[in-house]
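# pasting the structure only:
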């Protein structure tokens, strides 16, 4: 792996993060002739009730920071420097709490659920897809194709509604919603860990079931086109054992495009998982985003969106940097 | 007459495309029957008592606001399809424009377009859509939402179309066109586009599916058009009023079934078209 490739790839990561930040700054300003954030704060002050004094201070702080007295480029620079310190201001719905703190508490839930579910789905789907296209695999596996195909077209969160109805509402095997027993304070005990695990099975299952078909179908198509290659015939002619041909010659080569697809679809996977959390009332980023959107808590929306984009960009970067380890042919020289 | 036999033969040899269109056709038929017999006037709140199970009088029951759910489905189906077609169409149009420009002309323009697509591609569309939709929230109609979705649906088509153009622009017949003095536009529309038509059709179907998926995601967050009974908004209300916790399967079930059928049909057609353009894939059955 050449140094130029690594530099270029890391640079692209920062460009993506910068583009995302710029989007979040300019998009709300494009709303014709109005400032949704100020409107929202004004409305909260007008309706009164909670923390009016605090909000007053916030309005002042907000105006001082992004005030119209300063030119746009200066506002933009202030914004960039704030973001680089991860300062997204205060959450409007949970006023004295800072947006970053809301996000920090939610993030481990999303990362935990998503990474485990995606890894299981990817591994399972890839193996199943390989076997589906392998003539010497047990016939039984072929019967899996129609259900896999059906599940693969269902968005995760819709599948979740169906699963929750059957497994939680009718059969009462799993809890309907939430990420841990209601009212229990988190601790590092075995009981709490088991409780969290128990609550995460259903959301994880929805993600795994809905995406395993996607990976299996992709892998199957790849294996089919590879099985016609000369090196497969050669391996066969050498008298290698079937298992060895399958693993070393078939799977190994079909895995490469599969990994590229994984890198390209991380964003879609994350979007789907966020919606699963929302449907489930799971304590992750999706639930925070949902509450922020329904309360029009713009600071929190922008913060969550920023973290989502950075997260996906980072995961893509890591995958891209490990790709050369999978594919020794790639030297990543220019052109 | 021979046109029809040709079409029949095409459908017989491309079972996936046939299946997809058959599902779409059945849905269209059901929708027409529903429009003619039931109509959509009862899709608004207070058209019946709230929270009713399906019965002879209220075929799919009612939701907590008293909307009758069968009319809601009938009203929501074309809205969902409209968003998908519009978002997919506009997204593909932008993608094709950029992809052809980048692939055919190359040079600094190509670098610029490719870099822009590469930078935008890893950004999860839903995240940016949430920012846009929550900002212009009160102005959001079905058409505006479709355009918002389309604004983030061009990167993938741009990349794939560009690489297709790159691979065929050096073929002999394109060179012949160039040497015989055809203009760039003549070559693009006379030589390149016709050859890429099946590929563009497959991209279009894929883009429509992606557009519907993104729109439903936005709507399930409550960011869709507030006054229209789209399928995604129905799911949002079902979640909002805890329909799963209350066992009201008739609320969220039917929109999901409609969406699953729609996605299956589109996926099937897209795969069929892929196989039609790439014979190598046909072995996958």
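Okay, I see it. This is a predicted model, so every value here is computed, not measured.
# Give me the most central residue, chain B.
Centroid check for chain B by Cα atoms, centre = their mean gives residue B:208 as the closest residue, at 1.8 Å.
# Show me what stretch A:16-28 is in contact with.
Stretch A:16-28 is contacted by residues A:35-37, A:76, A:79-80, A:83, A:298, A:302, A:305-306, A:309-310, A:313, B:119-120, B:122-123, B:128, B:131-132, B:135 when judged by Cβ atoms under 8 Å, 6 or more residues apart in numbering or on different chains. Where you see a C-beta, it was placed from the backbone N, CA and C, and this is true even at glycine.
# How about residue B:54: what's its closest non-neighbour residue?
Computed as Cβ to Cβ, 6 or more residues apart in numbering or on different chains, the closest residue to residue B:54 that is not its neighbour in sequence is residue B:61, at 4.4 Å.
# Would you indicate which residues of the helix or strand the residue nearest to the centre of chain B falls within are buried?
Using DSSP states H and E, residue B:208 falls within helix B:193-220. Neighbour-count burial for helix B:193-220 flags B:195-196, B:199-220 (criterion: 16 or more other Cβ atoms under 10 Å in any protein chain shown).
# Could you do stretch A:92-99 as well?
For stretch A:92-99, using 16+ other Cβ under 10 Å, the buried residues are A:92, A:93, A:94, A:98, A:99.
# so which strand or helix has residue 129?
I went with chain A, as the question did not name one. For residue A:129, the host element (DSSP H and E) is helix A:99-132.
# hmm, I had chain B in mind actually
helix B:125-135.
# Moving C-terminal from that helix, which element do we reach first?
Trace forward from helix B:125-135 with DSSP H and E and the next one is helix B:142-150.
# what about the residue lying closest to residue A:314 once chain neighbours are set aside, helix or strand, and which?
Using Cβ to Cβ, 6+ apart and skipping residues adjacent in sequence, the residue nearest residue A:314 is residue A:13, 6.9 Å away. Assigned by DSSP H and E, residue A:13 falls within helix A:3-26.
# for that helix, which positions count as buried?
Buried residues in helix A:3-26 (16+ other Cβ under 10 Å): A:5, A:9, A:12, A:13, A:16, A:17, A:19, A:20, A:21, A:23, A:24, A:25.
# so can I have a markdown table of these showing distance to residue B:11 and pLDDT?
Shown next, in a markdown table, are the buried residues of helix A:3-26 (distance: Cβ to Cβ, whole Å; pLDDT from 0 to 100):
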| residue | distance to residue B:11 | pLDDT |
| --- | --- | --- |
| A:5 | 47 | 79 |
| A:9 | 46 | 85 |
| A:12 | 45 | 87 |
| A:13 | 47 | 89 |
| A:16 | 44 | 87 |
| A:17 | 48 | 88 |
| A:19 | 45 | 86 |
| A:20 | 45 | 82 |
| A:21 | 50 | 84 |
| A:23 | 45 | 81 |
| A:24 | 48 | 80 |
| A:25 | 52 | 80 |
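# just to revisit the earlier point, among the buried residues of stretch A:92-99, which ones lie close to chain B?
By Cβ under 8 Å from any Cβ of the partner chain, no member of these lies near chain B.
# can you tell me how far the residue sitting nearest the centre point of chain A sits from residue B:131?
Central residue of chain A (Cα atoms, centre = their mean): residue A:270, 2.2 Å from the mean position. With the distance defined as Cβ to Cβ, to the nearest Å, residue A:270 ends up 15 Å from residue B:131.
# burial count for the closest residue in space to residue A:175 that isn't next to it in sequence?
Nearest non-adjacent residue to residue A:175, counting by Cβ to Cβ, 6+ apart: residue A:199, 5.5 Å away. For residue A:199, the count of nearby residues is 22 (other Cβ atoms under 10 Å in any protein chain shown).
# Are we agreed that residue A:199 is in a helix?
Yes - Residue A:199 sits within a helix when classified using DSSP: H, G, I helix; E, B strand; the rest coil.
# Spell out the residue ranges of the helices in the chain.
Since you didn't name a chain, this refers to chain A. A:3-26, A:36-47, A:52-66, A:72-84, A:99-132, A:145-152, A:156-163, A:190-226, A:230-237, A:242-244, A:252-280, A:285-294, A:298-326 (DSSP state H).
# nope, chain B please
With DSSP H as the criterion, chain B has helices at B:2-13, B:15-37, B:69-105, B:107-120, B:125-135, B:142-150, B:155-168, B:172-179, B:184-187, B:193-220, B:231-240, B:249-277.
# Those residues of the stretch 1-150 of chain B touching chain A, which are they?
Counting by Cβ under 8 Å from any Cβ, the stretch 1-150 of chain B sits next to chain A at B:118-128, B:130-132, B:134-137.
# Tell me the buried residues within those.
Counted by 16+ other Cβ under 10 Å, the residues of the stretch 1-150 of chain B next to chain A give B:119-128, B:130-132, B:134-137 as buried.
# thinking again about what came up before, the inter-axis angle of the helix holding residue A:13 versus helix B:107-120?
70 degrees (axes from the mean of the first three to the mean of the last three Cα atoms, to 10 degrees).
# I'd like the distance from helix A:3-26 to the chain centre, please.
18 Å (Cα atoms, centre = their mean, to the nearest Å).
# Next, the angle from it to helix A:72-84.
With the same axes, to 10 degrees defining the directions, helix A:3-26 sits at 120 degrees from helix A:72-84.
# so helix A:3-26 versus helix A:298-326, what angle?
170 degrees.
# quick one, helix A:3-26 and helix B:125-135 angle?
Using the same axes, to 10 degrees: helix A:3-26 against helix B:125-135 is 20 degrees.
# re the thing from before, going by distance to chain B, which of the buried residues of stretch A:92-99 wins?
residue A:92 (12.3 Å; Cβ to the nearest Cβ).
# ok, that closest one touching residue A:303?
No - in this structure residue A:92 lies outside contact range of residue A:303 using Cβ atoms under 8 Å: 11.3 Å.
# Thought residue B:53 was touching the residue nearest to residue B:54, still the case?
Yes - Residue B:61 lies in contact with residue B:53 (Cβ under 8 Å); the separation is 5.2 Å.
# quick one: low-confidence parts of the chain?
Using chain A. Along chain A, the parts satisfying pLDDT under 70 run over A:1, A:30-70, A:95, A:176-189, A:329-335.
# think we crossed wires, I meant chain B
By pLDDT under 70, the low-scoring segments of chain B are B:1, B:137-139, B:279-285.
# nearest spatial neighbour of residue B:232, skipping sequence neighbours?
residue B:219 (2.4 Å).
# wait, I meant residue A:145
Spatial nearest neighbour of residue A:145, excluding adjacent residues (Cβ to Cβ, 6+ apart): residue A:132 at 6.4 Å.
# Tell me the spacing between the one you found and residue A:231.
Residue A:132 sits 21 Å away from residue A:231, taking Cβ to Cβ as the criterion.
# These two: which has the busier surroundings?
Between residue A:132 and residue A:231, residue A:132 has the larger neighbour count (other Cβ under 10 Å), namely 21 against 12.
# contacting residues for the more buried one?
A:141, A:142, A:144, A:145, A:216, A:219, A:220, A:223.
# any idea how far it lies from residue A:237?
In terms of Cβ to Cβ, residue A:132 sits 25 Å off from residue A:237.
# and what of residue B:19?
To residue A:237, residue B:19 is 39 Å away according to Cβ to Cβ.
# Of the two, which one has the most company?
Taking neighbours as other Cβ under 10 Å, residue B:19 and residue A:237 compare with residue B:19 leading, 17 against 8.
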